[in-house]
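Peer 1: turn this into a structure:
(chains A, B and C)
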Amino acid sequence: MAETYTIEELDAARAESQALTTRILELRDAYYGRDAAVASDEEYDGMMQRLELLERMFPELQSQDSPTQTVGGRAQTLFDPVQHVERMLSLDNVFSIDEFAAWAVKVERDSGRRVDYLCELKIDGLAINLRYEDGVLTTAATRGDGVVGEDVTENVRLIESIPQKLEGSGHPPIVEVRGEVFIPVEAFRELNAEQVALGDRVFANPRNAAAGSLRQKAEGKSVEKLAQMRSRLAKLRMLVHGIGAWDNPPVDSQSEVYGLLAGWGLPTSTYFQVKPTAEGAAEFIEYYGEHRDSVLHEIDGIVIKVDELALHGELGATSRAPRWAIAYKYPPEQVNTKLLDIVVSVGRTGRATPFAVMEPVRVAGSVVRQATLHNQDVVKLKGVLIGDTVVLRKAGDVIPEVLGPVVELRDGSEREFVMPEACPACGTTLAPAKEGDIDLRCPNARSCPAQVRGRVEHVGSRGALDIEVLGEVTAAALTQPLVPSTPPLVTEAGLFDLSIDDIVGIEVIVKDAETGLDRVDDDGSPRKRTPFQKVSTEYPPEAEGLDAAERRKRGYKKDFRVYSPSAQAEKLLVELELAKTKDLWRILVSLSIRHVGPVAARALAGYFGSLDAIRSASRDELASVEGVGGIIADAVLDWFELDWHQEIIERWSAAGVQFATPGHPGPGAAGAADGPLAGLTVVATGSLEGFTREGAQEAIIAAGGKSASSVSKKTDYVAAGPGAGSKLGKAEALGVRIIDAAQFALLVTGGPAAIGDAPVAAEPETPAEPSAEAATDDAADSPLNAE
DNA sequence: CACCCTCGAGTTCA
DNA sequence: CTCGAGGGTG
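Peer 2: Predicted coordinates:
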């Protein structure tokens, strides 16, 4: 697969990118420092492009020091240079547990004895060196090139967690303390919100925000700007994790050094652990790989240090990094890539949504090439231009999100996105559905190909008629085939009239899974596929009945092509037949009435029992149904007004679709649900053994309970299985009772009593007693030892 | 007039 | 699964 790569490929890419980086930095030095041109501009640009490409293919290789992340070389010389007393080294990186294990083997061999490993979180921030003379902070400097950094003392003094004076005693007369300045994730969000409010550009990530805040200049600023600068600096925090040269330290280990630093009043991380083996360190790495979000700052890796100080001297350092420490880098959750274009898509409701088309890039474990931009205002707010290098991440580890442009990397060729005036699918002029709406919609609901395709797909979706086979690809084939030129479906009205003959001839163009573009054969023609047709080879009919020897003698070959409906085609028709008698609420959902999803549809179907009853109901009667209000009532009534909607009902009815619940006594019959779960709200999340996602919901409803999709304080139970996500956390936070699959199975059959809870109160309105013991989750699985 | 909740859309993966 | 938008309810 193109999306994965081997360790060897990564090694090769790393070697190449390091060579490129060295060369580029040399050239920049030559260019900015002296005047001799050592390479042509083309060569330089070529190297930069190659490096950018490598970093996109192997995001692990991106680092804050990369030439692709900095403008024209060395830090702008706005700040005074400071020479570090002791050189500030960086750390070597490893990218896998195997590489880490290899490093550990080498360390233990070179040490000649067992080694304790100090594991700590690698904060994604800015390395800073604090110099205290006689216990008083005199200088704070960035790392710079390791020898000379920038003097940011004035700004650092405004960071609260950094003491101006060391507490206690026992500190050397001159001491350099190393640490990381960062902005907590929460403060980062606030800061960006403020930047937006002020009309300033937003920071792409917390590290940039920390660096940007620290590198502000007070001179020449207005009073307001100064206040703003102070408030930004106040958001910064620092954690220290090391100490410069110290000849006769009173302790033997790095972990004890942290104790000393803390004793001096310096902020040290509580998230460190000493592990007696490399395997233990690997466990620490894996634990935080899964809990990166649970810490207040961004983590881009783990730092593992040999704990014993005596070994630091014995192992020594290379020119750029110590041999007694290593940084394990997690696959990045944020990467840079090129924004190739912004394209507008139209969904089933006609909403026009711009989305970013990007150079494919690997982020948080998968390759991403598209991300939604929601609407034109969001595009503006994010400030991205077509052609920009953009910062991309996976929100909640799943949904790709463009955060913003890397403004420094613009070359002037970028252009602004302009929202098209016409629907990209049918050419109709886009317009807001009502005054003041930001979203633009294509008003051509009936025949806009994008909307028809979307609605047909929706009919088949799980929340509607749940028709197997009828997914995105099939919906497209039925509504926009390459051949025949008139699609079998002009609207969803004809869905249940489809016959085998209508669909076997359908040809579609094969899309490339990698690029999303049409696949082209060697001769340049698009590659076609006939999804509803099976082609097999047989002997010609006249050869039937001959035996094998005879056939061979007469020269018959098995090359007579036979076309027959594919399994897909037959399955589709069977599924459509099954769909005709599914529950009324599913039929309602499949009609694509605004605001009528599974929940509202269930309420309406339960109350009225038939589509006829719904159609002839008054607005007030509709709105009297629980969960339905005036807006939904209007949407329902408006839907019936359109002729082509009537046509859907007529043709579906004629084809045998059941628009009524058999045996339903008629409107108003809703009646309070009873059953073991009457009056209780249950949320199912994760995979519950013995239930499908749908099945769990059905079980809740069948038992008279309410199946909700999100956890709130009104939720009585959260049934959570493996893979449960944020809902579980929310349930814990709210103290909602959490049960497992086995308890859930008991609950839906026997009610709360079956799992030892008090039975439901008679009145459904009475909230169930919140069970306090549910909130006492144990933190025992955390490997944290401190505090 | 607050919440709290559902809807709808987009996205990727197994 | 998550987010924003906007509807429903107390």
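
Peer 1: now the element after the helix or strand bottoming out on mean pLDDT in chain A, going C-ward?
Peer 2: Ranking every helix and strand in chain A by mean pLDDT, DSSP states H and E puts strand A:560-565 at the bottom, with a mean of 70. Using DSSP states H and E, the helix or strand that follows strand A:560-565 towards the C-terminus is helix A:567-579.

Peer 1: check contacts around residue A:348.
Peer 2: Residues in contact with residue A:348, defined by C-beta atoms under 8 Å, 6 or more residues apart in numbering, are A:451, A:453, A:454, A:455, A:457, A:458, A:592. Backbone N, C-alpha and C define where each C-beta goes, glycine included.

Peer 1: can you name the residues bridging to residue A:401?
Peer 2: Residue A:401 forms beta bridges with residue A:393, as assigned by DSSP bridges.

Peer 1: would TSV of the contacts of residue A:348 with pLDDT be doable?
Peer 2: Supplementary listing: the contacts of residue A:348 in TSV, determined by pLDDT from 0 to 100:
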residue	pLDDT
A:451	88
A:453	87
A:454	87
A:455	90
A:457	88
A:458	88
A:592	89
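
Peer 1: which one of those residues is nearest DNA strand C?
Peer 2: residue A:458 (13.5 Å; C-beta to the nearest atom of the strand).

Peer 1: now that closest one. Its backbone dihedrals?
Peer 2: Reported as degrees, to the nearest 10, the phi and psi values for residue A:458 are phi -60, psi -40.

Peer 1: residue A:600 versus the residue nearest to it when sequence neighbours are not counted, what's the distance?
Peer 2: Spatial nearest neighbour of residue A:458, chain neighbours left out: residue A:348 (5.3 Å); criterion: C-beta to C-beta, 6 or more residues apart in numbering. Distance from residue A:348 to residue A:600, counting by C-beta to C-beta, to the nearest Å: 17 Å.

Peer 1: now swap in residue A:629 and tell me
Peer 2: Counting by C-beta to C-beta, the gap from residue A:629 to residue A:600 is 10 Å.

Peer 1: also residue A:83?
Peer 2: Distance of residue A:83 to residue A:600, computed by C-beta to C-beta: 70 Å.

Peer 1: please identify which of the two sits among more neighbours.
Peer 2: A count of neighbours by other C-beta atoms under 10 Å puts residue A:600 above the other of residue A:83 and residue A:600, at 21 against 11.

Peer 1: is DNA strand C within reach of the host helix or strand of the more buried one?
Peer 2: Residue A:600 belongs to helix A:598-608 when elements are defined using DSSP H and E. No: judged by C-beta under 7 Å from any atom of the strand, helix A:598-608 stays clear of DNA strand C, getting no closer than 7.5 Å.

Peer 1: of the contacts of residue A:348 - the most surrounded one?
Peer 2: Most surrounded of these: other C-beta under 10 Å gives residue A:451, at 27 neighbours.

Peer 1: so what pLDDT did the residue of chain A at minimum distance from DNA strand B get?
Peer 2: The nearest approach of chain A to DNA strand B comes at residue A:712, 1.7 Å away (C-beta to the nearest atom of the strand). Note on residue A:712: pLDDT of 76.

Peer 1: tell me the buried residues in stretch A:115-134?
Peer 2: A:115-132 (16 or more other C-beta atoms under 10 Å).

Peer 1: no no, stretch A:690-710
Peer 2: Buried residues in stretch A:690-710 (16+ other C-beta under 10 Å): A:691, A:696-697, A:699-708.

Peer 1: same check, this time on stretch A:586-602
Peer 2: So, applying 16+ other C-beta under 10 Å, buried residues of stretch A:586-602: A:586-593, A:596, A:598-602.

Peer 1: so what's residue A:187 up against?
Peer 2: Taking C-beta under 8 Å, 6+ apart, one finds residue A:235 in contact with residue A:187.

Peer 1: hmm, who's touching the helix or strand where residue A:305 lies?
Peer 2: Using DSSP H and E, residue A:305 sits in strand A:299-306. Counting contacts by C-beta under 8 Å, 6+ apart, the residues outside strand A:299-306 that touch it are A:91, A:93, A:100, A:104, A:107, A:111, A:115-124, A:241, A:254, A:281, A:284-285, A:288, A:292, A:312, A:315, A:324-330, A:332.

Peer 1: swap in stretch A:628-646?
Peer 2: A:446, A:491, A:493, A:591, A:593-596, A:600, A:603-604, A:614-615, A:619-620, A:622-623.
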